[in-house]
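# build me a model from this:
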Amino acid sequence: MSNIAFIGLGQMGKPMASNLIKKGHSLNVYDINKTAISEVQSLGAHSSISPKEAVKGCEFIITMLPNGKLVENVIFGKDGIIHSMDKNSLIIDMSTIHPLESDSLRNRLAEYNIEFMDAPVGRTSDNAIAGTLLILAGGTPSQIERSSPILLCMGSEIINAGGPGRGIRVKLINNFMSISLNALSAEAATLCEALELPLDIAIEVMKGTPAIKSHFTTTWANKVLQNDLTPAFMIELAHKDLGIATDVANQLHVPLSMGAAAREIYNQARAMGRGKQDWTAILEQARINSGLKK
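Take a look at the predicted model:
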């Protein structure tokens, strides 16, 4: 069993800390919320008056905080852990913060020869309570091996994200995709209702198509990611269908902000001469627009 400092007892952090205690680990905890500290303390945690105090004698230091500025302050602030931690301890930041902030923290800590890894989590607060979170481990092989017994007290699965800083990067991409799709899905569901189409029928159709299965695992895998843009479904046809959808939505007074933005992307691809290419060529156009490809 390990001595662990856990800093940040919010909606996710509190059940994560609780599960570490239930697995027999010794926890020093800190949070500005005294009620949260009391609740975890009742399970056997030791309360601390500052991050600096919490990390004394701990092999692992876990931060689970709302943003990067708070993580930075917990590490380098006046009462930060840098002033009292064992230099052989491993800092595991499980917060969802800006990737470049995470890189900066790791680089600054390297100047002190202190190890830092990012390990943000996937899934929900219910999974945090159940101890079935998905852990996205961004660390060196030795850091991941060293921390895995601890991480598996809070989660049921660890994905090696491929190196330091990659955990928070894959978390960002996943959230970007999920959050954006939530808005697009709401537009699709609203258009269903306006057209008096039962949503369960639409779902039955979409669950067998890229609409739900995603382009990452269907169309892209067979086309653009294989450098094949011969058309299975042309950009011109996709543009036409989007036009029909946005036109009928306009007539029914249903705003489709995400749909309209998508149509402009297809407009641009057509203007760049991609009309006869496969619709997955949208990825190629996006790469060019971003400067990642000439």
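# tell me how far the helix ranked longest in the chain lies from the chain's centre.
Counting by DSSP state H, the longest helix found in the chain is helix 166-194. On the basis of Cα atoms, centre = their mean, to the nearest Å, helix 166-194 sits 12 Å off its chain's mean C-alpha point.
# would you mark the buried spots in that helix?
166-172, 184, 187-188, 190-192 (16 or more other Cβ atoms under 10 Å). The way it works is simple: take the backbone N, C-alpha and C, and place the C-beta from them, glycine included.
# packing partners of the following helix or strand past it?
Sequence-wise, the next helix or strand downstream of helix 166-194 (DSSP states H and E) is helix 199-206. The contact analysis (3 or more Cβ pairs under 8 Å, 6 or more residues apart in numbering; DSSP states H and E) places helix 199-206 against helix 166-194, helix 210-213.
# want to throw those helices into TSV with distance to residue 136?
Formatted as TSV, the helices and strands packed on helix 199-206 follow (distance: least, Cβ to Cβ, whole Å):
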stretch	distance to residue 136
helix 166-194	4
helix 210-213	22
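# residue 287: which of the ones you listed is closest?
Nearest to residue 287, of all the helices and strands packed on helix 199-206, is helix 166-194, at 15.3 Å by Cβ to Cβ.
# wait, which of the helices and strands packed on helix 199-206 is closest to residue 83?
Judging the helices and strands packed on helix 199-206 by Cβ to Cβ, what sits closest to residue 83 is helix 166-194, at 25.1 Å.
# what packs against the closest one?
helix 99-110, strand 115-118, strand 121-122, strand 133-137, helix 199-206, helix 235-251, helix 257-271.
# can you give me the buried ones in the helix or strand just after the fourth one?
On the C-terminal side of strand 133-137, the nearest following helix or strand under DSSP H and E is helix 141-151. Within helix 141-151, the residues that qualify as buried are 143-144, 146-147, 150-151, counting by 16+ other Cβ under 10 Å.
# likewise stretch 96-114?
Quick answer for stretch 96-114 (16+ other Cβ under 10 Å): 96-97, 99, 101-102, 105-106, 109, 114.
# equivalent analysis for stretch 267-278, please.
Here stretch 267-278 shows 269-270, 274-275, 277-278 as buried, counting by 16+ other Cβ under 10 Å.
# between those, which sits nearest residue 230?
Nearest member of those to residue 230, counting by Cβ to Cβ, is residue 278, at 6.4 Å.
# wait, doesn't the closest one sit right on residue 232?
Yes. With contact defined as Cβ atoms under 8 Å, residue 278 counts as touching residue 232 (5.6 Å).
# need the overlap of contacts for these two.
Common neighbours of residue 278 and residue 232 (criterion: Cβ atoms under 8 Å, 6 or more residues apart in numbering): 219, 223.
# before we move on, what's the pLDDT of residue 294?
Note on residue 294: pLDDT of 76.
# which ones are touching it?
residue 288.
# mind doing that once more with 10 Å?
Contacts for residue 294 (Cβ atoms under 10 Å, 6 or more residues apart in numbering) come out as 287-288.
# can you check residue 19 too?
25, 43, 128-133, 153-155.
# quick one: which of those residues sit in helices?
Using DSSP H, the contacts of residue 19 in helices are 128-130.
# just the buried ones from these?
For the ones in helices among the contacts of residue 19, buried by 16+ other Cβ under 10 Å: 128-129.
# which member of the ones in helices among the contacts of residue 19 is positioned nearest residue 6?
residue 128 (12.7 Å).
# and that closest one, what is it in contact with?
10-19, 64, 121, 154-155.
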